[in-house]
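S.K.: Fold the following for me, if possible:
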Amino acid sequence: MAANDTPHRSLAEKTGISKSRLGRILHKNPRKRLHMTVEELEGILSALGTNILKAFLRTEALQGLDPSDHARYGSVINLVGEIVENLGRELINALEEMGGLDGTEPQPHWVGILRKGWIEDISKAVAFVMGRRTVISARDELWR
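M.R.: Numbers count the residues shown, from 1 in each chain. Below is the predicted model of the structure:
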């Protein structure tokens with residue numbers, strides 16, 4: 001809410017949750033908080049421009065990092081969320097087009113292999129963009 005500069009009243013209007021219930025759900029004292037429903041959580045996150053998956057990824061990825069770095073890595077978290085958001089359904093569809101599978105093909109050890117490949121591919125793409133920025137900056141310096 002603070003990052004989006006969203007007051008309780010505005011959040012209540014966007015979610016349809018009454019202002020008093022929202023205040024009790026988000027109470028500063030954890031012992032005084034009301035339990036929220038999954039639908040309320042989804043509504044709050046949606047009103048704040050995110051979803052459960054991205055909120056979970058953000059929490060996990062930023063755990064232990066200095067809070068001053070959180071904003072800097074927000075785009076990384078959004079990227080990962082966009083990649084995985086529909087990945088399961090898209091993979092199922094692709095495998096069904098290949099004739100399906102019986103459930104024994106995917107292996108747990110694939111996780112590390114796939115993760116390493118994705119990180120390498122994304123790192124290469126970022127390095128390429130950073131390299132282009134350096135070239136453009138150097139070119140712009142020549143014309144000053």
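
S.K.: low-confidence ranges in this structure?
M.R.: Low-confidence segments of the chain, defined by pLDDT under 70: 3-4, 144.

S.K.: ok, and the closest non-adjacent residue to the spatially most central residue of it?
M.R.: When C-alpha atoms, centre = their mean is applied to the chain, the residue found nearest the centroid is Lys54 (2.9 Å). Leaving aside its sequence neighbours, Lys54 sits nearest to Gly81 (C-beta to C-beta, 6 or more residues apart in numbering; 3.9 Å). For the C-beta atoms, the positions are set from N, CA and C on the backbone; glycine is no exception.

S.K.: Tell me the secondary structure at that neighbour.
M.R.: Judged by DSSP: H, G, I helix; E, B strand; the rest coil, the three-state class of Gly81 is helix.

S.K.: Ends of stretch 37-56, what's the gap?
M.R.: 16 Å (C-alpha to C-alpha, to the nearest Å).

S.K.: quick one: buried residues of it?
M.R.: Residues of stretch 37-56 classed as buried: 40, 43-45, 47-48, 50, 54-55 (neighbour count, 16 or more other C-beta atoms under 10 Å).
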